[in-house]
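J.: model this:
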Amino acid sequence: MTIKKIGHCCLLVDIDGVKLLTDPGMFTTEQNEIKGLDAIVITHEHGDHFHIDSVKAIRANNPDATIITNKGLGALLEKQNIPHTVIGDGQKGEVKGVTVEGFGTKHAPVYGTMPDIENTGYLFAGKLYFPGDSFHAPGRPVDVLALPVAGPWMKISEAIDHAKEVKPRVAFPVHDWLYRPEIAASMSGRWLASFLEPQGIEYVSLSAGESKEF
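T.: Residues are numbered from 1 along each chain as shown. Predicted coordinates for the structure are as follows:
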């Protein structure tokens, strides 16, 4: 499995030649030029994960790609007459033989009376878990974890505890747009690794534009 980080939570995942794009948000535009996609998987409707103009551009370049999301975001896509497949909590589908399973129902709370947003984490091929904006654990073995490391809905201790609960073989950072690159690299290279590696979890950096084999 090869993962290229476009930026923030937008990943290009290649599993045995099946190409999946996650959360094309407003913080990046490189995803708009990608071709050869089999699916676009979107965890929830916030702008750093879902940007409608980006989705339209990606569809124009990948007319046969399936959009996978939950009912909450699906309702917004329906208003734009954009076809999609709903895979929510406890549901499962396939993209050219690659399984996609949904876990969780709610975005992590931010503050006060902000409205609930449906957030679905996705497990790809039983290997890669991509939680979106939630620390909902899938309760299933996970090989690779895309670990959120910064945001208004979380603190770093929760990220560490989430990784310890999921217990992947390896974790890498996502949801890190708030960090300057040199700060993100410092956290990935030293600080977070110092907490996770004693737990048997390899923690690797993955910067925007970088690809790694997992």
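
J.: so where's this protein shaky on pLDDT?
T.: Applying pLDDT under 70 to the chain flags residues 113, 180, 182-189.

J.: Please enumerate the helices of it.
T.: Under the criterion DSSP state H, helices of the chain are mapped to 52-61, 71-79, 156-166, 181-186, 192-196.

J.: Quick one: these as CSV, columns for mean neighbour count and distance to G36 too.
T.: Yep, even glycine has a C-beta here, placed from its N, CA and C like the rest. Conversion of those to CSV gives the following (neighbours: other CB atoms under 10 Å; distance: least, CB to CB, whole Å):
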stretch, mean neighbour count, distance to G36
helix 52-61, 16, 9
helix 71-79, 16, 22
helix 156-166, 17, 30
helix 181-186, 13, 28
helix 192-196, 17, 33
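
J.: F103: which of those is closest?
T.: helix 156-166 (10.6 Å; CB to CB).

J.: quick one: contacts for K79?
T.: K79 makes contact with no residue, according to CB atoms under 8 Å, 6 or more residues apart in numbering.

J.: Check the protein and tell me which residue is nearest its centre.
T.: A centroid search over the chain (CA atoms, centre = their mean) returns F130, at 4.1 Å, as the residue closest to the centre.

J.: these two touch, right, that one and T120?
T.: No. If you go by CB atoms under 8 Å, F130 and T120 don't touch, sitting 9.7 Å apart.

J.: which residues are in contact with both of those two?
T.: Taking CB under 8 Å, 6+ apart as the contact criterion, the residues that touch both F130 and T120 are T43.

J.: Please identify which of the helices of the chain is closest to V110.
T.: Distances from V110 to each of the helices of the chain were compared by CB to CB, and the smallest falls on helix 156-166, at 13.0 Å.

J.: Roughly how far does K155 sit from V166?
T.: According to CB to CB, to the nearest Å, K155 and V166 sit 17 Å apart.
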